[in-house]
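*Asks:* fold the following for me, if possible:
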Amino acid sequence: MEYRRFGSMIIARLDKGEEILEQLKAISLAEQIKLAHVSALGALDEFTAGVFDTGTKQFFPNTFHGAYEIVSLTGTVTTMDGAYYSHLHMSAGDREGRVFGGHLSRARISATCEMVIQIVEGRVDRAFDGETGLNLFKFD
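*Replies:* Numbers count the residues shown, from 1 in each chain. A predicted model of the protein is given here:
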């Protein structure tokens, strides 16, 4: 992975074999990012994305192996109890044009990933919400 910071924006290149969430965390900690918007595109050979059922408060992951192109990856970097926290959603297409996605748990790069991190001045923390079972934005 390599990246460059241009003011409040970071442009990153993730390389074959790297995991997206791990690299985002490494950049965020190195740059002391507390609040940002993330977007990316690229190629994958493995990813896990799923859906959280608020009724049962369970996460239903789906893992995919093979050749996939990221159609859309978007999310946020915030904090929870002052510590790094990311929340990403991704959709990826296969050779037949089928697209799968959801809340991103893991994604391994097969060729490259181009990531843009737009840093926002400020901080938004998160807190667990018992009703939804999710860690929601908490504005002070």
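
*Asks:* okay, the nearest residue to residue 64 once chain neighbours are set aside: pLDDT?
*Replies:* Counting by CB to CB, 6 or more residues apart in numbering, residue 64 lies nearest to residue 47, which is 5.5 Å off, once chain neighbours are set aside. From N, CA and C alone the C-beta is placed, and that goes for glycine too. For residue 47, the pLDDT comes out at 98.

*Asks:* quick one: contacts for residue 47?
*Replies:* By CB atoms under 8 Å, 6 or more residues apart in numbering, the residues touching residue 47 are 63, 64, 68, 90, 92, 104, 106, 107, 108.

*Asks:* middle-most residue in the protein, spatially?
*Replies:* Residue closest to the average C-alpha location in the chain (CA atoms, centre = their mean): residue 88, at 3.2 Å.

*Asks:* who does that one bridge with?
*Replies:* Per DSSP bridges, the residues bridged to residue 88 are residue 75.

*Asks:* check residue 49 too.
*Replies:* residue 62, residue 104.

*Asks:* list the residues that contact it.
*Replies:* Residue 49 neighbours (CB under 8 Å, 6+ apart): 61-62, 64, 89-92, 100-105, 107.

*Asks:* do residue 95 as well
*Replies:* Residue 95 touches 66, 67, counting by CB under 8 Å, 6+ apart.

*Asks:* sec struct for it, please.
*Replies:* For residue 95, the assignment made with DSSP: H, G, I helix; E, B strand; the rest coil gives coil.

*Asks:* by neighbour count, which of the contacts of residue 47 wins?
*Replies:* residue 107 (29 neighbours; other CB atoms under 10 Å).

*Asks:* so which elements touch whichever strand or helix holds it?
*Replies:* Using DSSP states H and E, residue 107 sits in strand 99-119. Packing partners of strand 99-119 (3 or more CB pairs under 8 Å, 6 or more residues apart in numbering; DSSP states H and E): strand 9-15, helix 20-30, strand 36-53, strand 58-80, strand 83-93.
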